[in-house]
Structure formats: C-alpha cells, structure tokens
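**Q** Could you look at this predicted model? Sequence included:
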Amino acid sequence: MNVKNEEITLNSNNFESKDKNSNMVRKRIYNYFYKYRVNICFAVFLYVIDAFITVLSPKIAGQGITALSNLNADGLPDIDLNYILRLLSFLLVLYSLSGLCTCLARFLISKTSVELIYEIRRDISVKINKVSLSYAESRSRGDILSCIINDVETLGSSFINGICSLVTSLITAVGISVMMISISWEITFTVFLVIPLIIIIMIFLVKKSQHYFLGYQQNLGKINGCIEETLSGYETVKVLNAEKDILNNFDSINNDLCNTSYKAQFSSGFTSPIMALLSNIVYVISCIFGGYLAVVRGMLIGDITAFITYSGEFIKPLMSSAGSLSGFQSTFAASKRIFELLDSSDEQPYYRSKLELPLLTMDNYNMEFKNVSFGYDSNELTIKNISFKIKQGQSVAIVGETGSGKTTLTKLIMRFYNVNSGEIILGGKDITDFEIDHYRSLFGIVTQSSWLYSSTILENIRYGNIKASDEQIKFTAQKIGLNHFIESLPNGYDTVLEEGITNLSEGQKQLLCIARALISDCKILILDEATASVDTFTESCLQKCLKEILKDKTSIIIAHRLSTIQKADVIFVMQDGELIECGTHKNLLLKKGVYYEMYFKAYN
Amino acid sequence: MKYKKLLKFAKYLKIFSKEIIFMFLAIVLNQVCSLILPMFMSRLVDVGIRRNGIEDFSSKIFLSEQEILSIQSNYIIKTGLLMLGVTLTIVFISIYINCKMAKISSGISSALRTDIFHKVMDLPYECIDKFSPSSLITRLTNDVEHVQALILMFAQMIIPPIVMIGGIIMALNTGFSMMWITILGSMVSGSLIFLCFKILMPHLKIVQKLEDKFNLMVKEQLTGIVTIRGFNNQKFEEKRFEELNSKFANISLFINKISSFISPVLTVSMNVLTALALWIGANKINDRSMELGQVIAFMQYTVMIIGAFVMISFMVSMIPRFMVSVERVSEILYFPNDYKNIRNLKKLSKKFESNIEFENVSFKYAGASEYVLKNISFSLNFIGTIGIIGTTGSGKSTLLKLMLGLYSPTSGNIKIGENNINELDRTSINNSISYVSQKDSLFSGTVSSNLRISNPEVTDEELLEVLKIVQLEEFINKKGLNFKILQSGSNVSGGQKQRLCLARSLVKKSKIYILDDVFSGLDFKTEHNLKNSLINYLKESQIIFVSQRIGTVKDANKIIVIDQGEIVGMGNHQELIQKCEVYKRMVILQLGRIF
C-alpha cells in the first residue's frame, strides 16, 4: 500500500513539474514575441478588417445577383444598370481594401518572423560560445544543428502565422455563421447538422493516419540509417563481399517502407475527398433548400448565391484553425528544445570570487596539482587523486593507455571542467580565482582532431592571435617548415580550406594547428597527440624548432610515439586516471616499472 | 537541356502505367462530375425558380399557380437529388484516385531508392571515392525524396489541365461572348506569377547556399569548442555568425516582401474579374442574349479556370528547386556502366599459390597529374610475415588497394598466384585475401551478426576463441555475443571497434591477411599481446603488416620500405638498417637508437 501511495505522489509531482515546465515555455515564447507586439497586433487588426470584408462581400455580390434577376411587369429582364455599376464600384473598393490589408499584414508578419528568427539564432550562437563543455559534449551535434535550423524556423514563422490565422479564422467563422443565419436560419440549421458528423469522421481518420505516419517515419529512419551505415563503411562492405547481405537487408526495409508509406498516404489522403464531400453536400443542400424557399416563400436569388458562397467559405476557416492548432503543438515542442539549449548551464567565468589578478605580469607560471580528482559522471572518477608540480619552462610529456585520462587532464588545466576535489594552482593562486578568458589567454592548445574552419590558410593561422600581422604569420609558418608547402599551393596563403578539407593531408592540418598555437604567444603550450599524423622525419624537424621557440614556455605534450616523449624534462605515466610514475626517460627506464615495460614490450 | 534528364525519370511512371491510366480516367470523370454541378445549378435557377419554359408551357395549358408551384418544387427536388448523386460519385471516385495515388507514389519512391542503392553498391571502388560517401548519403536520402516529390507532381499535373479544358468548354457553352474575360484573367495572373518567380528564383538559390553555410558554421563551432575557447575567440565566432545571420535575414526579408504580394494580388485580380463578368452579364441579360443562371454558372467556371491556371504556375515554379536533386541523382543512376563489360573473369581458387607479384606498377588517380606510385616492382613468395612501412602519404594504402583489385594500375602488371589481377573476379580475391584497416566499420546488429558477415557457418565457440585472440575476452564475457551494436558501431570504443573488425576477418580464414595500421589506436601493451597471439593463430596464413611504426614491422621476415611512391628498400630489419637510409632514419627517430 505504501509503495503505491508513493508512486502516486511521484506521478502527481511529475505532472506538476510538467505543467510548470509548459507554463515556463509559454512565458518564454511570450517574452520573445513581446518586443514585436505592435507589429503583430497591427497585422491581426488588418487581418480582421480583411475578414470583415470577406464576410460582407458575398452579401453585396448577392444583392447584385438579385438586381440581375429583376423582371419587369411582362416577366422580362429589367436590370437597373446604374445600381449594378454603383454596387460593383463599391465592391471593387472593398476588394482592393482587403487586398491592401492582406498585403500589408503578410508583409508585417514575415518581417517580424525574419527578425525573430534572426534574434533567436543570434542568441543560440552566443549561447554555443559559452555553454559548458559538458553540455556540448553530451548532446549530439545533429540535435543542436536541427535546433538552430529547423526548430527556430518553426517557432519564428509558423507560430505567428498560426496566431494570425487562428484569430482571423475564428472571426470569419463567426461572421459567416451570422450572415448565413440572417439569410435563412432553416438552411443554416441543416448545414450545421451535417458539419459535426463529418468532423467526427475526420478526427477518426486523422488519428488513424497518424498511427500509420509514425510507422512510416520509423521505417524512413531505418532505411536512412542503413544507407548511412553502408556508405560510411563502404570499403568494409566491398572487402568482406557483404554486398548481397546488405542488399537483402535494404530490400526488406525498403519493402516495409513502401507498405507503410502506402498506408500512411492512403489514410491521410482521405481528408480531401471527405472535404470535397462536405462542401458538395453543403452546396447541394443550399441549392435544393434555397430553391425550394425561393419558390415557396420568394427567397431572393442573390441570397441563395450568397448563401452558397458562404457555405463554401465556412469550411475553410474551420480547416485552417484545426491546422494552426496542430501547428501550435509542433511549435511548442520546437520551443521546448530551443529553450532547453538556451537554458543549459554556462561556463562559470569565476569559480569563487572575482579577483583582478595581474595574470600577465606574474613572476612565475609554476603549476601545481594538489590531490585533484574529477569524474564526468559523479560515480565514476576519470582522474583520481593526482598531485604534481610543473615548473615554468619545463617540457612535460604525458603517456598512458587510451582512456587513462590524459586528455581530461588537459581539459582540467584549461578549466573546461572544474575539479571535484583538490586544487590546481598557477603561480601560487588557485586557477579558479582568475577570470576565465583572461586565464585561457595564457595557453596555446592543439587538440587531437585538428580543427580548422572554412577560410583561408592565412586566416586559419591568424585564428591563434587575431592581431597578428601577415608577416608574423608567414614567419611562424617558416619556422616550423610549413612555408614551402603553403607556397607550393596554387593560391599560397590564400588557399581556402573547404568543408571536409580534402586539399590537405591530416599531417599538414596538424602542422597548421601547431602554427596557429605558436602565433598566440602563449605561456603554456598544450599538444594533445598533435603530431600523430605527422611523419617522423617532419616531426623531428619540428621538434628542433619547437625547442627553440618554447625556450621559456611550459609545454605539455601527450603522445604515443616514444621519440616525441623521450626528450621531455619530465614524463608522467598515467594509468586508469592515476599518475603512477614520473621522472625523466632515463630515470623511468632505470626504475623498471610500467614505463620500462611499455617501452620494451613495444620495441623488443 | 538539363530538363532532358527529367524525361529519363519518366520510366518510373511507366512501371505504373496501368494505374496511371486508370487514375487519369478517374480524374477526368471526377472533373466532369464537378463541372456538371454548376450546370445543374444554372438550370435550377432558370427553370426551377424563374419558371423559364414552365411559363410558356403553362400559358398553353392554363395551369393554376398552385400547380406551377408543385411543378417547380418537383423540378428543384429532382435536380437536387441528381446533384447529390453526382456528389456521391465524386467522393467515391476521389477515394479511388487517392488509393491509386498513394500506391503510385510509394511504389515509385521505393523503386527509385532500390535502383540507386543497387547501383551504388555496384559502382567500382574509385567512384565511391570520387563521389565521397557523405555526398552519396545525401543523394540517397534527401535527393531521392525530392525526385519522388517531383515525379509525383508530374502525375498530379494531369488535374489542372483537365479542369482548365473542362472549364473552358463549359464556359464556352454558357457564355461564349464573355470568354475574353477568362483569357484576360488567365494571362494577367499567369504573367504575375511568372514575373514574381523570375525575380525570386536567384534569391531562393542564394538562400539554399546560405543555409548550407549555416550548417557548416554551427558544425564548426561545435566541433571546435575547445580550440575556440582555448584561443578566446568566442567574440570572433559570434561576429562570424552574426555576419551570416544578418545576410540571411536580409535576403529572406526581400523574398518575403515579394511573396507576400503574390497571393493577395491574385485574389484581388480574381475578384475584379468576377465583378467584370457580373457587369458584362448584367448588360447581356438586359439584351436578352443570356439567362441569369448562365451568368452565374459562367462566373463559377471562370473562377475554376483561373484557379487551375494558378495551380499550374505554382507547380512549374517548383521544378527548378527540385532540379538540383534530379541532377545529383541522375549523375549516379546514369553513371556509365563500362566497367561491367569485362566478363568471363577467372575465379581465384581457394588453394592458389600465395604469391603476389608487382611488375613496374605505376598509379595515379583519375584526373590527377602526379603519380601516387611509381615503378613498383616486387614479388612476395611468402615465407613468414611481411612488413610494409612508409610515412603518411607515402602511398602504401594505395599500394594495398591495388593489391586487392580495388583500383587498377595505370601501367604495369599485378599478378596473384600466376593470374593477372585484371582477369580475376574481385569477389574471389576478397575471399582469399583478408584486408583489415583502421577505417573498417561495424554494422548495426549484434557482435555475433557482425562477426558472421564474412562466414555465416562459424560456431559460437570459434567466435569466442577469435575474440580471445584480439584481446576482447573480458569485453565479451561482460557483454556477451549478442551485445547489441548500434549504427556504425557507435556504442563501442575506437579500440574495441578495431579489434572487433580484426576478429571478423579472422573468422573468414583466408590465405593472406593484410593488416593496415590496425594497431594504431591501441596502446603499446595491448598491441604487443595482440600481435603475439595473432601470429600464433595465423600460422597457416601469410600476414602482411602495414604501418608507419617501426615497432609493428620490425620482426617481419621481409620489410618493404616505401617513400614518396617508390620502393626505397627491401629486406629484413638488420639488412635495412645497414643499407636503407630512409629506414635507418625512421628507426633512429622512433626508437632513439639502432639496436
């Protein structure tokens, strides 16, 4: 019994938080739109005018028709052409007015939505540049991409359009019903009897088709997954002779897709014939009933034609408001994703207190780890109780198996993550006392995957220090032996690196990244497997240059290659998040510990 | 010119020619029914209400007012029921059309996707490289959907012309003299739409490009988070994004401005036209050259015709948007099949003499000016293990692809067991030579389904043994053989993936194993253990180790050293240290000493 009660309270809590959440989202959407309230209200006002004209004009046109049906005493047509002319000019004025209103309203709405999309995208862009690394690394790139492209588009455009069409449809629907009743309540009553019946059928069909659509979407996802997987592993497929297996698999998924797509389309396709049925039945009812009333009670012919027009128009607002209601649902889901991204935790600029520390004029940049522990997950530590000291100007190499925590260590140094316990100290101060941007300006970093952006080579190197002159850039490139290669490219330093960057080898990309780090004039250089793809000969040249450049700079180098490591002042050996050995190459070999084992197992 | 390509896709419509003909007939019937309705209405007004005809008739036989009324209401009810019958017919035909349409559309997309996918799987290896896998993926997913939408649109294009023709016939029937109004209306609205799209089209293309740039930039900002912040370039990135964002906003604003005019202007011109028809009609009724019912029907037909015209213009304007996709898809679908002409390929027998010979082989990629491999000659007679070493970009991966028959040499000959490689069936080469590389991938399924791809008959015990050899015993004891592998093996680590791929090739039991840099993601200790147990397990086979690490190849019986596309040394470790400069330099660099 107790357990059950608990479950119930849990559930109700859940509901409450959900409710709060959606209230919050509504409020946030409202906040975004508040700025544009004048534009939106004006647009809605214009749409309302248009709706009134839409409601009014069939009645006036009907009067025209009635005038056309005027007979003289002999039963022959006798039309007051002047009256018709006056009526038509009035109608034309109304039509132009309504056209003007819709033009203006649509323009206002689209302008607002463009501005809104621009604003939200800007906010997201700013956010991406300060979101905490743990959030960025935990979400798939595709999700964030679709958020900034599709979700923003949904919130920005469909939502405003939805509001406008909902308001105008409701007004139009009410207006039309009033007009219909005023012409003939009997026919209206009959028409209204038919409509709910068909709406019920429609709802049933929509529900059914939604079910099929879900199946269709799932199969589409499956087949795209199959295609993606096969093509990204194409070489494997060819070499393993697995083509037949894969084609069989593909064909069976494709068949499923074909079936579900047929069902989904068929069931959703019912909507339009049903709609046609509705409008035609209303048309016929109006004709019969109207005709009958005209004969029996002398109902005006203009009223009948007006009524027919109204009954045709009556269904449109109903449909469009149903459409905008379902549009709201998707807008709501999209905004939830947007706000989740915008609300994710930021990087903390200060950890404890804001101290204006003279970072660039400190006497020394000695670094110390004091009992540092850290885990991405609270129950699994990646870094376990590490302590060490690095003096300014030392070169440090970190070695260890994959997954031993080397890269994590550099991320802690750069303050991408904060330690769970312990302290990291730079020049006698806890690093979290520094302002973060200021602090990071001390570092130059080259990451494992060489990241370059789509611009020229010159701009990519300049990225390390935006104020660097062209001469400085070329000088640095020359120093690390890149100049010759760059000059040999057809456009030299102005070669644009395209997406996927096929015109450079992995090793050349890494060298560019190193040049970029060197130009930043940093105090501490971090190279995370930065030369893994550079061949050994080029690397040995590079090392000679680095030695000169890094004379009074601290360097922290992660590498697999022993030739890279052995000249370091200190070598840290890591295993399972722990620092198990440290010392120079010679000392460590003499120690005959893990490093010794690694070294000789690999080479003897 | 480029629209010719579109015609090629007509064959997909042909598959369903029977369905399409029936659908066409149904649509015609449907439209006829819809067109009859206003006709009935006009009769209802003229005869049922205004007593045209009845009065002449009644004046002859002197009917009382009562009797005329009953004739009138009978007429109205009869016509009304007829109209109701027509309406129901329309609904049933519509449901039929809908059913056919769904069948055609899903059938076409399925056929198209199958064709392209089969074609891609059939393409020679070089072509995949040329197209790049990621572009092939978009072609097979997004582009196929666009082409499908386009083909479907063509099928639906039948409707508006039928409406138009029917409408025109009926309008001529009711009011021939007022036809010029309809023509005027069609011309005005048609040229309006044409003009707008002429202005918009180039801008729409730019928007497409900007959207691609958006994608790229966000991707860059996400992958480069550490670098961006490491250099404190957040502000720079924001500015970069801001520039693109405002460019995008400006151009969308322009497009929206123009397109927000299109539909209201069309509506207004349509309304003006009806008013015009009413005015002319009024004059005609006064002249007694037309009946009231006819005027009303004419007005309804005019609206119908112009509506159909608008629909066609919109459809036509959609075509350029899809043309990019059509081009991209047909590029693959109609890629020349020349390579298939070489038939009568020999099969490599399972027991072939396991020697491989290269005679003066040179290779360059199609269209490239520089040779990747120059004058490569060697022969491997397989006595123990072979090592191939070279720096990145030295051409060793290309050499392997030639050996596997994935590329054909530009000049020179390659022989496998006395057969020229060009005369061998590639499938049989793959059966006898196992190639494992760092880039290999896993497929969604389970561990066991992945391992069994290359050899379905293998038992669970054998699988476990192989997994033990690749140092995955612990992993498999924890997770089991039926551990689910997600798409492209995204749920196992890089090292595990590499070793699973290696295990997969061991299951195949080939004569020759080419291991291309397979140890690169592993730490020294694992590499050492793995290598030892591997050599032990593959005693019966020949192993070729390919690497840029000395440690991986140095124990091989014969080592081939490749540098800048040429063989610069051949021999065992000791010999090479003596006589090969490049090798010696590598040893010194990597090991720090010679012995």
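**A** Sure, I can see it. Numbers count the residues shown, from 1 in each chain, chains lettered A, B, ... in the order given.

**Q** Go ahead and flag the most central residue of the chain.
**A** Assuming you mean chain A. Nearest to the geometric centre of chain A sits A:Cys147, at 1.9 Å (CA atoms, centre = their mean).

**Q** let's do chain B instead
**A** Centre-nearest of chain B using CA atoms, centre = their mean is B:Leu140, 2.0 Å out.

**Q** What is the three-state secondary structure of the residue lying closest to that one once chain neighbours are set aside?
**A** Distance criterion CB to CB, 6 or more residues apart in numbering or on different chains; nearest residue to B:Leu140, sequence neighbours excluded, is A:Ile227 at 4.8 Å. Every residue, glycine included, has its C-beta placed from N, CA and C. Three-state call for A:Ile227 (DSSP: H, G, I helix; E, B strand; the rest coil): helix.

**Q** same check, this time on the one 4 residues further on
**A** Reduced to three states with three-state DSSP, the structure at A:Leu231 is helix.

**Q** if we can go back for a sec, what residues does the residue nearest to the centre of chain A make contact with?
**A** A:124, A:337-338, A:341 (CB atoms under 8 Å, 6 or more residues apart in numbering or on different chains).

**Q** want to try a markdown table for those residues, with pLDDT as columns?
**A** Output for the contacts of A:Cys147, formatted as a markdown table (pLDDT from 0 to 100):
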| residue | pLDDT |
| --- | --- |
| A:Ile124 | 88 |
| A:Arg337 | 82 |
| A:Ile338 | 86 |
| A:Leu341 | 85 |
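
**Q** For chain A, which element, helix or strand, carries the lowest mean pLDDT?
**A** Scoring the helices and strands of chain A by mean pLDDT, DSSP states H and E places helix A:2-34 at the bottom, with a mean of 58.

**Q** who does the next helix or strand after that one touch, helix- and strand-wise?
**A** Note on helix A:2-34: by DSSP states H and E, the next helix or strand toward the C-terminus is helix A:37-68. Counting contacts by 3 or more CB pairs under 8 Å, 6 or more residues apart in numbering or on different chains; DSSP states H and E, helix A:37-68 is packed against helix A:81-128, helix A:159-183, helix A:301-343, helix B:234-287, helix B:292-333.

**Q** buried stuff in helix A:37-68?
**A** Judged by neighbour count using 16 or more other CB atoms under 10 Å in any protein chain shown, the buried positions of helix A:37-68 are A:39-40, A:43-44, A:46-55, A:57-68.

**Q** got it, and stretch A:584-595?
**A** Neighbour-count burial for stretch A:584-595, counted by 16+ other CB under 10 Å, picks out A:585, A:588, A:594-595.

**Q** So A:Asp245 versus B:Arg504, what's the distance?
**A** Distance of A:Asp245 to B:Arg504, computed by CB to CB, to the nearest Å: 13 Å.

**Q** Determine the residues that are contacts of both of those two.
**A** Each of B:Ile453 lies in contact with both A:Asp245 and B:Arg504 under the rule CB under 8 Å, 6+ apart.

**Q** Please say which of those two ends up with more neighbours.
**A** B:Arg504 (26 against 17; other CB atoms under 10 Å in any protein chain shown).

**Q** Now the more buried one: closest residue in space that isn't a chain neighbour?
**A** Nearest to B:Arg504 is B:Leu451, by CB to CB, 6+ apart, at 5.1 Å.

**Q** Around the one you found, how many other residues sit close by?
**A** 25.

**Q** looking at chain B, which helix or strand does the model trust least?
**A** One helix or strand of chain B scores below all others by mean pLDDT, DSSP H and E: helix B:54-61, with a mean of 63.

**Q** Can you pull the domain assignment for chain A?
**A** Residue ranges for the domains of chain A, per automatic domain parsing: A:185-298, A:348-437+A:569-604.

**Q** Let's have the ones you listed in JSON lines, adding mean pLDDT.
**A** As requested, those are exported to JSON lines (pLDDT from 0 to 100):
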{"stretch": "domain A:185-298", "mean pLDDT": "79"}
{"stretch": "domain A:348-437+A:569-604", "mean pLDDT": "81"}
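
**Q** Ok, which of those domains comes nearest B:Ile258?
**A** Closest to B:Ile258 of those is domain A:185-298 (CB to CB; 29.4 Å).

**Q** now do the same end-to-end measure for the closest one.
**A** End-to-end distance for domain A:185-298: 15 Å, by CA to CA, to the nearest Å.
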